[in-house]
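# sequence first, then the predicted structure, then my questions.
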Amino acid sequence: MAGQQYYQERMGAAGVRLPGTVIVAAPPQGADGAARRLAAAVDGAVGMAGETLARGYALEQRTRIDESLLEARREFSEWQAAYMEEHQGGNALEAEKDFSAKFAEIAERRLAAFGGADNEVWRRALGGRLAAEGLRATELGASYAARERAAWEDGVFKGRLAMLEQDAYTDPENGAWLDAQLAEILRDEEARGRDVTAMRRSLLSATQLARIRGLADRGDLEGASRLLAGAVSGVEGDFSTAAGGAGRLGASGLEARTPVQRAGESARRASGGFGVMLTPADAAAARALLERGRALAESEGRRRQARAGTAAAGFAGAAALAAADGDFSAATAVVEEVEGLDADAGRELRARLEARQTAFDVMRLHADRSLLEQGDAALKTADARATPAGVSVAPVLKDEVGSAVRQRVKAFRDDPAAFAAAARAELLTDDMTPAERTRRLLEAQATLGRGLNVAPRVLTRAQAAEMERAFTESEPQERLRLLTEMRAGYGPYFTAAAAESNLPAPVISLGATLDALPPSKAAVLLSAVTARESEISGVGEDTRAAARAAVSRLDFMRDLKAIARRFPGNGGARTLVASWEKMLINAALMGVTPEETVRHFDIAVSADSGDGGGYMLLTPEGSLPEGWDADDLAGAAEAAREVVLRRLTDSLPKGETPMQRRMMERGARHAAESGVWISAADGGSVHLVEESSGLPMTYADGAPVMFTLRELAAIVAERGRGATESVEASYNRLFERER
């Protein structure tokens, strides 16, 4: 304590007061020498201890001062970083004041930690050092504000220059506006004390170059060339007139110009007027730019012509899509694309489109006219048609009518049922049974396809695909239900609908005999058609071998295989045999004997591989006319050979020599007599195939030589009524009446 008091006394001159000092009083005057020596010794010891304590205390306080300064600087640095991140450019102009105020606030808090009279000396020492740090913080703020002000002003200035150049590029014809902006920039720079002489030349040259680039990039190479010529000579002239721009700088003076243009003229006069002379470097750049522009324009022209040619090539396909339903949206899109690329090609294609639309309009589907008749009428109408402007389009229209006729005939051939359904809106309603809709659909196909020899279809191709998908993806019991509903709904058209749906031949045959089969047996046979032999559980190899042997012994199967052997190149015959063999074996493994399975199917074979003629017919009981069996069907098919011979003979070319005529008639007779009758997989018709190859025979017009069972029944019925009328005449009369 005495040392602390001593330090306090020593530091008193400096105004430092140490807290907690102890005063040691001197001995009384009357004390003897021993007492005085003792007191002196004590006083010396205390003085030495106090000095030691004072030095330690001073070091401690100095460390506290250093620590306080370090924390103050760290706190200020963190604040400074956040401030500089948030305050940049124009937001940092008050940085000097903000830095000073912030450090003063930090210093005040640090000095408060040295409060009290005992810390006066140390507070003054800390205050002096904080004052120095505060001065440094103020200088940092001033420096940061100056840097940000310079960057801010430079950024704004560069932004104005960039905007001026952008305006020159995007609105190159508006010279008055550009002059007004340039004059404003130069006035502001002069107000800042800058020499703008060189800046004026540089900015004007860059602005003119941007104007030239803007014109060139938009394709106005002629206007860019005129502006370059004026800029190089130093005379702008009436640019708006030269560039063909309306409402821009005119030749009638300020009174006829817009306010922006008048402001530009005023600014130009105020600044002493701007010349338009390009610098040599910018002039060279402008010339190079125009040369590249001309080369690119030529290349782009060639490219656009090529693209137009490619797009135009797709017009035929797009127009073909409209052949059936009249939707020309795709074709119109092609024409518009070509018009945007090549005006001449676009005009030609537009004429074709209008002609095609006119052709479709005159070829509207009619219930009582065939497609060929409609095409003839449209060709006759084409000569009288004209465009709204009165220019005849007959030549183009006749070409388009011919193209439309061909495309619509192709659409009919591809899917006659879908084409006819589109022509008859009533066929798309749900207020009729499938059988009634099919009857009307077949009538429509007969009318529209007259003269085209296109086989009619019961289902559209989309309907057939959906029916096949539904059947294939269903379980066996569900398949039986679908087959039953199909048989009930389509009635006499069931076999044709099932065949068009690509259902297996045994499935079609089963469908035709559903009325004669108990549901349980029908379900087993249907499962047998579609199951794999390996999937049938509970049977051993001996049982499987026995089933295969029983099937091979059937007369039914031997006769069926005879068809495939007779025509080894006929894939359909092989498929027919394979599908029946699979069903019979699987049915036997499921508990239905082969004899019981085939009891409802009839087969007749009379065709030797060495001789022509004969027949190979497989028919379900339910598909035959009432009271018929396979032999009756064979007899009717043989009787129909007379009809085939008559048609083949009537279609022979006319005007040949008698010898040639006799040879051709002999060939027609051989074809009619040597062909083999084959029943269709659905049992609903018979087809005449070539005796050796098994390929279908056709008439001269390409129509297949085939008869439905209904047509064969009509032939037999009329033949039985008497011999006064030929088979051919009877068939023609009945067939035309039924159609």
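Received it, and whenever you're ready, just let me know what you need. None of the values given here were measured: they were computed from a predicted structure.

# buried ones in stretch 486-504?
486-487, 489-490, 493-501, 503-504 (16 or more other Cβ atoms under 10 Å). Bear in mind the C-beta positions are built from the backbone N, C-alpha and C, glycine included.

# can you tell me which two in the residues you listed are farthest apart?
Distances among these were taken as Cβ to Cβ; the most separated pair is 489 and 504, at 19.9 Å.

# before we move on, back to that, closest one of the buried residues of stretch 486-504 to residue 375?
When those are ranked by distance to residue 375 (Cβ to Cβ), residue 500 comes first, at 27.7 Å.

# show me what counts as buried in stretch 657-666.
Applying a neighbour-count criterion of 16+ other Cβ under 10 Å, one finds nothing buried in stretch 657-666.

# figure out how far it is from the centre of its chain.
On the basis of Cα atoms, centre = their mean, to the nearest Å, the separation between the geometric centre of stretch 657-666 and that of its chain is 63 Å.

# quick check, pLDDT for the closest residue to residue 339 other than its chain neighbours.
Nearest in space to residue 339, with sequence neighbours left out and distances taken as Cβ to Cβ, 6 or more residues apart in numbering, is residue 346 at 3.1 Å. The model reports residue 346 with a pLDDT of 74.

# now do the contacts for residue 346.
The neighbourhood of residue 346, defined by Cβ atoms under 8 Å, 6 or more residues apart in numbering, consists of 308, 335, 338-340.

# what sits up against stretch 500-518?
Residues lying outside stretch 500-518 but in contact with it, judged by Cβ under 8 Å, 6+ apart, are 457-459, 464-465, 467-468, 471, 483-484, 486-487, 494-495, 498-499, 522, 525-526, 529-530, 575-576, 579-580, 582-583, 600-601, 618, 620-623, 681-683.

# inside helices: which ones of these?
Members of these lying in helices (criterion: DSSP state H): 464-465, 467-468, 471, 483-484, 486-487, 494-495, 498-499, 522, 525-526, 529-530, 575-576, 579-580, 582-583.

# what's the PyMOL line that selects buried ones from the residues you listed?
What follows is the PyMOL syntax for the buried subset of the ones in helices among the contacts of stretch 500-518, where burial is set by 16+ other Cβ under 10 Å:
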select buried, resi 464+467+471+483+486+487+494+495+498+499+522+525+526+529+530+576+579+580+582+583
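
# ok, residue 148 - contacts?
Residues in contact with residue 148 (Cβ under 8 Å, 6+ apart) are 87-93, 95.

# try it again with 10 Å
With contact taken as Cβ atoms under 10 Å, 6 or more residues apart in numbering, residue 148 is in contact with 84, 87-93, 95.

# over to residue 111?
For residue 111, the residues meeting the contact criterion (Cβ under 10 Å, 6+ apart) are 68, 72, 119, 123-124, 126-127, 130.

# any idea which of these is closest to residue 57?
Proximity to residue 57 was ranked across the contacts of residue 111 by Cβ to Cβ; first place goes to residue 119, at 11.2 Å.

# give me the pLDDT for that closest one.
72.

# surely it and residue 126 touch.
Yes. Counting by Cβ atoms under 10 Å, a contact exists between residue 119 and residue 126, whose distance comes to 8.9 Å.

# identify the contacts common to those two.
Residues touching both residue 119 and residue 126 comprise 61, 64, 111, 113, with contact defined as Cβ under 10 Å, 6+ apart.

# what's the farthest-apart pair in the residues you listed?
Based on Cβ to Cβ, the longest span within the shared contacts of residue 119 and residue 126 runs between 61 and 111 and measures 13.6 Å.

# joint contacts of these two?
Shared contacts of residue 61 and residue 111, defined by Cβ under 10 Å, 6+ apart, comprise 119, 123, 126.

# dump the residue contacts of the second one.
Spelled out, it's residue 123. Remark: with contacts taken as Cβ under 10 Å, 6+ apart, residue 123 is in contact with 61, 65, 110-117, 130.

# quick one: which two of these are the most distant?
Comparing all pairs in the contacts of residue 123 by Cβ to Cβ, the longest separation belongs to 117 and 130, at 19.7 Å.

# who has more neighbours out of these two?
More neighbours surround residue 130 than the other of residue 117 and residue 130, with 23 against 8 (other Cβ atoms under 10 Å).

# now residue 169: closest residue in space, sequence neighbours ignored.
Leaving out its chain neighbours, the residue that sits closest to residue 169 by Cβ to Cβ, 6+ apart is residue 214, at 3.9 Å.

# wait, that neighbour sits on residue 166?
Yes. Residue 214 sits in contact with residue 166 when judged by Cβ under 10 Å, with a separation of 9.3 Å.

# more neighbours, these two?
Taking other Cβ under 10 Å, residue 214 and residue 166 do not tie; residue 214 has more neighbours (22 against 12).

# now the strands: where do they sit in the stretch 501-650 of the chain?
Under the criterion DSSP state E, counting those that start in this stretch, the stretch 501-650 of the chain contains strands at 601-606, 615-620.

# sorry, slip of the keys, the one I care about is the chain.
Counting by DSSP state E, one finds strands in the chain at the ranges 601-606, 615-620, 676-679, 685-689, 706-708.

# residue ranges with poor pLDDT in the stretch 401-550 of the chain?
Of all residues in the stretch 401-550 of the chain, those with pLDDT under 70 make up the ranges 425, 428-430, 512, 515-516.

# residue 406 and residue 372, how far apart?
According to Cβ to Cβ, to the nearest Å, residue 406 stands 11 Å off from residue 372.

# flag whichever of the contacts of residue 123 scores worst on pLDDT.
Per-residue confidence over the contacts of residue 123 reaches its minimum at residue 117, where pLDDT is 61.

# tell me how far the residue nearest to the spatial centre of the chain lies from residue 337.
In the chain, the C-alpha nearest the mean C-alpha coordinate belongs to residue 330, at 15.6 Å (Cα atoms, centre = their mean). Remark: distance between residue 330 and residue 337 (Cβ to Cβ) = 11 Å.

# next one, pLDDT for residue 681 please.
The per-residue pLDDT reported for residue 681 equals 61.

# I'd say the residue nearest to the centre of the chain and residue 318 touch.
Yes. Assessed by Cβ under 10 Å, residue 330 is found in contact with residue 318 at 4.1 Å.

# helices along the stretch 351-500 of the chain, start to end?
Counting by DSSP state H, counting those that start in this stretch, the stretch 351-500 of the chain has helices at residues 371-382, 394-414, 416-423, 434-448, 461-472, 476-490, 494-500.

# who are the packing partners of the third one?
Read it as helix 416-423. Other elements packing on helix 416-423 under the criterion 3 or more Cβ pairs under 10 Å, 6 or more residues apart in numbering; DSSP states H and E are helix 315-325, helix 394-414, helix 434-448, helix 461-472.

# please save the CA atoms from that helix in CSV.
Taking C-alpha atoms only, helix 416-423 is exported to CSV below (Å, rounded to 0.1, in the frame of the first residue of the first chain):
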residue,chain,number,x,y,z
PRO,A,416,-62.3,-46.5,-96.4
ALA,A,417,-64.4,-46.8,-93.2
ALA,A,418,-62.8,-43.8,-91.6
PHE,A,419,-63.2,-41.7,-94.8
ALA,A,420,-66.8,-42.7,-95.1
ALA,A,421,-67.5,-42.0,-91.5
ALA,A,422,-66.1,-38.5,-91.9
ALA,A,423,-68.3,-38.0,-94.9
